[in-house]
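> the following block contains a protein sequence and its predicted model.
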Amino acid sequence: MSSNPVEEKSIDGLQRDEGPPIDITQEKKTAIQYEPVDISQDQIETDLNVTKDDLLQAREHAEDFTLEETREMMTKILKVHENDPNFSFLIAEKINDFLHNENIFEHPENYSDLIYEMKTEVALIVNNSPYAEVRAVVDNTDDVNMPSSTIRAWVIGILFVVALAFINQLFSIRQPQITVTANVVQLLCFPVAKIAEAILPDWGFTLFGSRHSLNPGKFSPKEHMLITIMAGVGYATPYTDNIIWSQYLPQYFNQSYAGHFGYQIMIALSTNFIGYGIAGLCRRFLVYPTYCVWPASLVTIALNDTFHTDKNPAVLGPFKKVFSTSRFRFFLYAFVAMFVYFWFPNYIFQALSFFNWLSWIAPYNINLNTVVGMNNGVGLNPFPTMDWNIMLWDSPPQDPLMVPFFNTANKCMGTFLSMFVVLALWYTNTYNTGYLPINSSRVFDHFGKLYNVTLAINEKGLFDAEKYNSYSPAYLSSGYVVVYLFFFSIYASMISYCYLYHRYEITMGFRGLFNSFRKTKSQEYEYRDVHNHLMSVYPEVPEWWYLLALCMAIGFGCAGIGGWQTYTSVGVVFYGIALCLLFVIPVGMIKAMTGVELTINVLAEFIGGSWVQGNALAMNYFKSFGYVTCSQAVRFSNDLKLAHYLKIPPKHTFWAQMIATLVSTFVCTGVLNFQMNSIEGVCTVNQKDHYTCPTINQFFTAAVLWGTIGPKKVFGNRGQYTALLAGFPIGFVLPFIIYYAQKKFPKTTWLRQTHIPVILYGAIIWAPYNLSYSWPAVPIGWLSMVYMKKRFLGFWSKYNYVLSASFSSAIALSAIIIFFALQWTEVTLDWWGNDVSFQGCEGTACVRNTLAQGEYFGPRVGDFH
């Protein structure tokens, strides 16, 4: 096998997102060359936050650049990264000082140390990555002969996709639900592939000039990642399952045609494939640029590398000890330890998970439990859990060892500040929240009971004004009110934030996109960092392939919606695309840089409910296409970045995603039909195997509330929660305030790390989560991403992401075994350690205000609209 490292770097090697390539003249031959000074390597390592190996590689190329080239390149680097929270503040300051000191360029002999350090940083960025996190796990070389799309990889990948789709669909309607994710496949497919490597013969055939063998040799990292990518797109059940169940079941819309396989597969294929077309067009915004780090991808790559690397450099760690344990052995130690430990908080001693010890003092004290309660309060607790899984509450999980520390800190700050809003609303009984649990995600009527949607609709599931007026408006808990307020703020803040901080990158992305459609393509708009340079040897997927996938998805969607009596216009498909096109770049850029995914489900629900008020089924389609299109485009872009980091040929990735999604869709739809026709009493309260469909119940309730009753009654003129629309202007203005404050005080580090969309994201944690879920990640994140990375970079680079991958994988596998071995058969442990966390107000949520028998709060019957 031959390696294809980037052997020669010039100014043309700089990534396109940092400006067009500069015309190199003969200056390099005639310019005065300055001998490298005897600068301390330790000092450069500290300043540039780089390991010894990466620094040595950068120093080899530092003298390839003239002073003028360095100046021009640093100007472009600063333009892109000056507002980049992942980029080192110290380096940005040094670059700024370098560029604004004319004496350096007039008398360079007096600034040899700084010049040499700047050249080293340029060489580091051109030949590797400006981020220590990426350099820790992503190789800056490639072996073009390494196999990826092999028969072995396809067979193993498809088999795991079938297994995941079957299991996840079958248990998607069970309480408790079980989901097997892609990281489990990444773990399990390795021994399967190694067995295939050992026993399969080298039988094959030649097709289009390439030989395809049952056993092409050693199982490669590219094969491994391709299987993982297939599992990543294949494990999720179609979002349209929710629509089909709510249509089919007699207790809901009772539309028997929803059991028709043709209808089911049409809308499932549409929603499952519609995101690909958008993802392909977003590659120049979300995949190619270096600033799109995609933190979650780094953990996946670290786990992949753990199984395949032969490198094992000794590194200096804490206590001045040298660590020589290999990544693979370290992974096994950490995996086994977490696998065993997770049995305690998850099953044996659940108080370790919900460590609400302050509530044990007085379980029935309403004020105490409201403030410190983890289950039904706002969770103000300094030591709320000893369960790693609690820190993975988000979807997708945001491990504090994975995401940048500014993400963890900003998110917790948003939760902490919004906590006071939650408490203020509840204690002042604003919106009658004092009659309801403070942090419930359910919807209530004016009796303080769960809202009975059947009392506000007719037999067709459409809004019945007379029944509604004689029943009750819909009421939200204090936590739920705050969620809507800050959801509205997030959507507005994304637009203003991306304009202020990333308009240059977005503009360059559009120029590159337009350039891709030209017959004669300009090299000015091509991405030229080391990873794009290595990927340039592989044919790229043409834009029209992705556009064809988009057109096919549109066709399936229009056929499914228009071919059956859905009471919905096919325009909903185009509405979803339009909404996605507006938000996919802001959502994707924020996800790629921070790890936070700002979903637009509430906005899709809000717009759809306003557009088709009184029609819950139509609102479901508006919500599905509006939310799913953007969500899948971002998820598929993440997979494309994974392949980009691993140097998997783009066409291999394209077909792996397409085929895996197709297989998964048909398997899930087949299992869905089995569930409908073969499970007795499915989706009833007393179903003997617990197939009670809790998520379908919540989906139907939300559909009726926001589709049938509609946002106009809730948020419109004279609506009960109209004031929450103030979130839109508030969210739009906040990034401007922080942006100009950062310009006013450029040397204030904490201000540079302030990220408004992430802060607002922390404020939507409520109902049902709280501060007890957000806070535990902060000290761990600081220890890893600040302290250890700064003081023991080599140690951190070697083990941090491996530790994250081992913990997540161990928890996933342990949870599956616990579920099938014990929870499935309802084997329980009844003792103090499993009961103490669920006593008093932490077991059943307490309310501040109570009603006498027959009383109700809010406007009188007939006075609300």
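Great, that's in hand.

> contacting residues for G862?
The neighbours of G862, taking CB atoms under 8 Å, 6 or more residues apart in numbering as the test, are N469, S470. Where C-beta positions appear, they are placed from N, C-alpha and C, glycine not excepted.

> wait, a helix at it?
No: applying DSSP: H, G, I helix; E, B strand; the rest coil, one finds G862 to be coil, outside a helix.

> what ranges do the strands span in the stretch 401-550 of the chain?
443-444, 475-476 (DSSP state E, counting those that start in this stretch).

> in CSV: those, plus distance to P130.
Converted to CSV, the strands of the stretch 401-550 of the chain look like this (distance: least, CB to CB, whole Å):
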stretch, distance to P130
strand 443-444, 47
strand 475-476, 44
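
> please work out which of the ones you listed is packed deepest.
Burial of the strands of the stretch 401-550 of the chain is given as mean neighbour count (mean count of other CB atoms under 10 Å); strand 475-476 ranks first at a mean of 26.

> if we can go back for a sec, how about the strands of the stretch 401-550 of the chain in TSV, adding mean pLDDT and distance to S784?
Formatted as TSV, these follow (pLDDT from 0 to 100; distance: least, CB to CB, whole Å):
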stretch	mean pLDDT	distance to S784
strand 443-444	89	39
strand 475-476	91	37
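
> list the buried residues in stretch 781-800.
Neighbour-count burial for stretch 781-800 flags 781, 784-785, 788-789, 792-800 (criterion: 16 or more other CB atoms under 10 Å).

> revised request: answer the last question for stretch 504-512.
Buried residues in stretch 504-512, counted by 16+ other CB under 10 Å: Y504, E505, I506, M508, G509, R511, G512.

> which element is F328 on?
For F328, the host element (DSSP states H and E) is helix 327-341.

> for that helix, give me every contacting residue.
Identification of contacts with helix 327-341 by CB under 8 Å, 6+ apart yields 302-303, 305-307, 309, 312, 325, 388, 798-799, 802-803, 805-807, 809-811, 813-814.

> make a PyMOL selection of the buried ones in the residues you listed.
Here is the PyMOL command that selects the buried residues among the contacts of helix 327-341 (16+ other CB under 10 Å):
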select buried, resi 302+303+305+306+307+388+798+799+802+803+805+806+807+809+810+811+813+814
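
> looking at the chain, which helix or strand is least sure?
Every helix and strand of the chain was ranked by mean pLDDT, DSSP states H and E. The lowest is helix 27-30, at a mean of 38.

> could you pull out the helices for the stretch 451-600 of the chain?
Using DSSP state H, counting those that start in this stretch, the helices of the stretch 451-600 of the chain run over 465-469, 478-516, 530-535, 543-563, 571-594.

> out of those, flag the one nearest M413.
M413 lies closest to helix 478-516 among the helices of the stretch 451-600 of the chain, at 12.9 Å (CB to CB).

> list the buried residues for the closest one?
For helix 478-516, the neighbour count (16+ other CB under 10 Å) marks 478-494, 496-498, 500-502, 504-506, 508-509, 511-513, 515-516 as buried.

> you'd agree T325 is in a strand?
No: T325 is assigned coil when assessed by three-state DSSP, not a strand.

> could you find the closest non-adjacent residue to it?
With CB to CB, 6 or more residues apart in numbering as the criterion, T325 has its nearest non-adjacent residue at 7.8 Å, and that residue is Y333.

> N439 now?
G479 (3.7 Å).

> the one you found against I764, yeah?
No: contact between G479 and I764 fails when scored by CB atoms under 8 Å: they sit 9.9 Å apart.

> so which of the contacts of helix 327-341 belong to helices?
Of the positions in the contacts of helix 327-341, 302-303, 305-307, 798-799, 802-803, 805-807, 809-811, 813-814 sit in helices, assigned by DSSP state H.

> neighbours of L170, how many?
18 (other CB atoms under 10 Å).

> which residues in the stretch 1-150 of the chain form helices?
Going by DSSP H, counting those that start in this stretch, the stretch 1-150 of the chain shows helices at 27-30, 41-48, 52-62, 67-81, 89-99, 102-106, 112-127, 132-137.

> any low-confidence regions in this structure?
Under the criterion pLDDT under 70, the flagged ranges of the chain are 1-44, 47, 460-461, 519-526, 865.

> so S353 is in contact with M391, correct?
No: S353 is beyond contact range of M391, at 11.2 Å (criterion: CB under 8 Å).

> shared neighbours, the two?
Here S353 and M391 have T385 as joint contacts, going by CB under 8 Å, 6+ apart.

> could you measure from the closest residue to N849 other than its chain neighbours over to F339?
Using CB to CB, 6+ apart and skipping residues adjacent in sequence, the residue nearest N849 is G434, 4.2 Å away. As judged by CB to CB, to the nearest Å, G434 and F339 stand 45 Å apart.

> same check, this time on R327
Using CB to CB, R327 is found at 18 Å from F339.

> which one of the two has more residues nearby?
R327 (24 against 18).

> wouldn't S774 be in contact with W766 here?
No: contact criterion CB under 8 Å: S774 and W766 do not qualify, at 10.2 Å.

> quick one, which of those two is more surrounded?
Comparing S774 with W766 by neighbour count (other CB under 10 Å), the higher total belongs to W766, at 30 against 25.

> in stretch 57-71, what's buried?
So, applying 16+ other CB under 10 Å, buried residues of stretch 57-71: 57-59, 61-67, 69-71.

> that older thread, what's the residue nearest to N439 in contact with, if anything?
If you count contacts by CB under 8 Å, 6+ apart, G479 has them with V378, V422, I438, N439, S440, S441, W766, A767, P768, N770.

> among the residues you listed, which two are most distant?
Spatial extent of the contacts of G479 (CB to CB) is set by the pair V378 and S441 at 14.1 Å.

> neighbour count winner among these two?
Set V378 next to S441 and count neighbours by other CB under 10 Å: V378 wins out with 27 against 15.

> wait, is the more buried one part of a strand?
No: according to three-state DSSP, the state of V378 is coil, so it is not within a strand.

> so it sits right up against Y773, yeah?
No: using CB under 8 Å, V378 is not in contact with Y773; the gap is 11.0 Å.

> check contacts around the nearest residue to Y546 once chain neighbours are set aside.
Nearest-residue entry for Y546: G280, 2.6 Å, with adjacent residues in sequence omitted and distances by CB to CB, 6+ apart. Going by CB under 8 Å, 6+ apart, G280 touches V541, E543, W545, Y546, L547, A549.

> show me what contacts the fifth one?
By CB under 8 Å, 6+ apart, the contact set of L547 is G277, G280, L281.

> can you redo the helices of the stretch 451-600 of the chain as TSV with distance to A193?
Converted to TSV, those look like this (distance: least, CB to CB, whole Å):
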stretch	distance to A193
helix 465-469	58
helix 478-516	35
helix 530-535	24
helix 543-563	28
helix 571-594	30
